[in-house]
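Q: For reference, the sequence and a predicted model appear below.
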Amino acid sequence: MIGNGGQYIHGTDPDEQKRLSVLNDLLNDASLTSMNIQEGSRILDVGSGLGQFTRMMARAAGTDGTVIGIERDSEQIKEAARQARIAGDGALVEFRTGDAVGLPLRDDEWGTFDIAHARFLLEHVPDPLAVVRSMVGAVKIGGRVVLEDDDHDVMRLWPELPVADRLWRTYADTYRRVGNDPFVGRRLVALLHEAGASPRQNRWLPFSSCAGHPLFKTFMANFAGVISSARQTIISSSAWSDEEFDHALTAIEEWSRRPDAALWYGTFWAEGVRRELGR
């Protein structure tokens, strides 16, 4: 999801939706454990995307809970609804089309949620603070605001692969050229504080693997997929040619077959609690 001029550079074609589904499978268990959702919780998921994690939170909240997923992109909403129907979860979540700043909530819904959550959203918007302020306004006093996002500076490969490092840096620079923030993860605690929430937790959810691990190929496919889905934006806004781009992807594929290959990454995770008015 994007909002108010931000640009999601990966697109929403079937290949990208498939990559996002796989990414959810890799991340969701750790994210859910960190959230510690109580039964009966009212949850707002901002930038719900394909809704897989939204539905996971809804199952944790139980039949007495309420979960609303907000997504701007109509194609993502359609796919989220399709996946929910197939999984038999259609009644668990209400998906609404809307913007991250102008949340589509009724007047009587503001200030009522126990949790407002956003993952991989703030990196794609030009004003992350406005989004977090909106989320703080949606939760009740003492309600939790949970932010999960990227800091692209933490990607590491070993043995080193210079062409992959260069392409990754170009990918991060592309974010800045279109008005996004590839390093917003390090700012999550500050954003919570500035938006009116008292920071309570700050952690890093690892996203790492190595040769020999049964999911290593999946991790590397996601790594290559992230870059490939931004191909046109990277080439049109940088010095990379199609040939150089293809060479780099081939080098990454060859590197992934090394018996000593290792990849490190992580999702930045922070939680704040809405302060009482005047404090």
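A: That came through fine. Numbers count the residues shown, from 1 in each chain.

Q: If you count neighbours, what's buried in stretch 57-65?
A: 57-58, 60-61, 65 (16 or more other C-beta atoms under 10 Å). Yep, even glycine has a C-beta here, placed from its N, CA and C like the rest.

Q: Now, those residues that are in strands?
A: In strands, judged by DSSP state E, none of the buried residues of stretch 57-65 are found.

Q: which parts of the helix or strand containing Trp204 are buried?
A: For Trp204, the host element (DSSP states H and E) is strand 197-206. Going by neighbour count (16+ other C-beta under 10 Å), the buried part of strand 197-206 is 197, 199, 205.

Q: What is the nearest of the residues you listed to Ala262?
A: Ala262 lies nearest to Leu205 out of the buried residues of strand 197-206, by C-beta to C-beta, at 17.8 Å.

Q: Thr33 is in contact with that closest one, correct?
A: No: Leu205 lies out of contact with Thr33 (C-beta atoms under 8 Å); the separation is 9.2 Å.

Q: what helix or strand does Lys190 sit in?
A: Not quite, residue 190 is Ala, not Lys. Counting by DSSP H and E, Ala190 is found in helix 188-195.

Q: which helices and strands does that helix pack with?
A: On a contact count with 3 or more C-beta pairs under 8 Å, 6 or more residues apart in numbering; DSSP states H and E, helix 188-195 meets helix 128-138, strand 139-149, strand 197-206, strand 266-274.

Q: Name the residue closest to the centre of the protein, please.
A: Among the residues of the chain, Phe120 comes closest to the average C-alpha position under C-alpha atoms, centre = their mean, at 2.0 Å.

Q: ok, it to Cys210 distance?
A: The gap separating Phe120 from Cys210 is 24 Å, by C-beta to C-beta, to the nearest Å.

Q: what's the answer for Ser241, then?
A: 32 Å.
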